[in-house]
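**Q** sequence-free structure coming up:
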Ligand SMILES: [Mg+2]
């Protein structure tokens, strides 16, 4: 039996268009022009401040970073209420549940906002645990995953995410990971992580259950 740990943003939640819109609004707040989805997928990295440095090909100043963070969080929190699930998110979750496995959600997003969104989409009943960020922007996926793993107490844990830090966190904690290419990174970049890459969530679930 496996325990699947789902990432939320860019994985179960199809928020790329919303994120791109909010990044563009954050850039406008410091007098810079907007981006398109392809820019986001090419430059996105963590820590997020480095993403803006890469995007602008310069270091953002502390006051610019503050303006970016404030704008993004205000805009995203509002816009998140309209973010849809990925097309096959429910099918993938049901495939995991139907095979007698357990599952949970682990996200770097703010815990209360995450819980509200998971509940809005009716997914709570499938999840044995839902953990978001209760600390601040300095939180890391490694640390959250180590706490999450202790709480779900499963030997057969496997992660499904859309970003390199999902794969890095899984590797640091010694569990397998499958990456989904419909989110924040291009497939070619995900392939550099050395873990399986799936082009749909149903495929990611199948691969994860077979690991
Ligand atoms: Mg993600």
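**A** Okay, I see it. Bear in mind that the values here come from a model prediction, so they are computed numbers and not experimental data. Residues are numbered from 1 along each chain as shown.
**Q** Tell me the strands beside the longest strand anywhere in the chain, with direction?
**A** Longest strand of the chain, by residue count under DSSP state E: strand 102-110. Strand 102-110 sits in its sheet next to strand 3-6 (parallel), strand 130-133 (parallel), going by DSSP bridges.
**Q** confidence score at the residue in the chain that the ion sits nearest to?
**A** As assessed by CB to the ion, the ion sits closest to residue 10 within the chain, at 3.6 Å. Yep, even glycine has a C-beta here, placed from its N, CA and C like the rest. On pLDDT, residue 10 comes in at 96.
**Q** Name the nearest residue to it, sequence neighbours excluded.
**A** Distances taken as CB to CB, 6 or more residues apart in numbering place residue 183 nearest to residue 10, at 2.9 Å, with adjacent residues excluded.
**Q** how about residue 69, what does it touch?
**A** By CB atoms under 8 Å, 6 or more residues apart in numbering, residue 69 lies in contact with 26, 137.
**Q** Now name the helix or strand holding it.
**A** In this structure, residue 69 is located in helix 62-79 according to DSSP states H and E.
**Q** Could you look up the next helix or strand downstream of that helix?
**A** Counting by DSSP H and E, the next helix or strand C-terminal to helix 62-79 is helix 89-98.
**Q** which residues are in contact with the helix or strand containing residue 168?
**A** Assigned by DSSP H and E, residue 168 belongs to helix 164-172. With contact meaning CB under 8 Å, 6+ apart, helix 164-172 is reached by 7, 45-46, 140-142, 144-145, 158-161, 176-177, 179, 185, 189-190, 192-195.
**Q** That helix: which residues count as buried?
**A** Buried residues in helix 164-172, counted by 16 or more other CB atoms under 10 Å: 164, 165, 166, 167, 168, 169, 170, 171.
**Q** Columns pLDDT and distance to the ion on top of those, output as JSON lines?
**A** Listed next are the buried residues of helix 164-172 as JSON lines, based on pLDDT from 0 to 100; distance: CB to the ion, whole Å:
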{"residue": "164", "pLDDT": "91", "distance to the ion": "10"}
{"residue": "165", "pLDDT": "90", "distance to the ion": "8"}
{"residue": "166", "pLDDT": "95", "distance to the ion": "7"}
{"residue": "167", "pLDDT": "96", "distance to the ion": "11"}
{"residue": "168", "pLDDT": "96", "distance to the ion": "13"}
{"residue": "169", "pLDDT": "97", "distance to the ion": "11"}
{"residue": "170", "pLDDT": "97", "distance to the ion": "13"}
{"residue": "171", "pLDDT": "97", "distance to the ion": "16"}
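**Q** roughly how far out does the longest strand of the chain sit from the chain middle?
**A** Its chain's C-alpha centre and that of strand 102-110 lie 9 Å apart, by CA atoms, centre = their mean, to the nearest Å.
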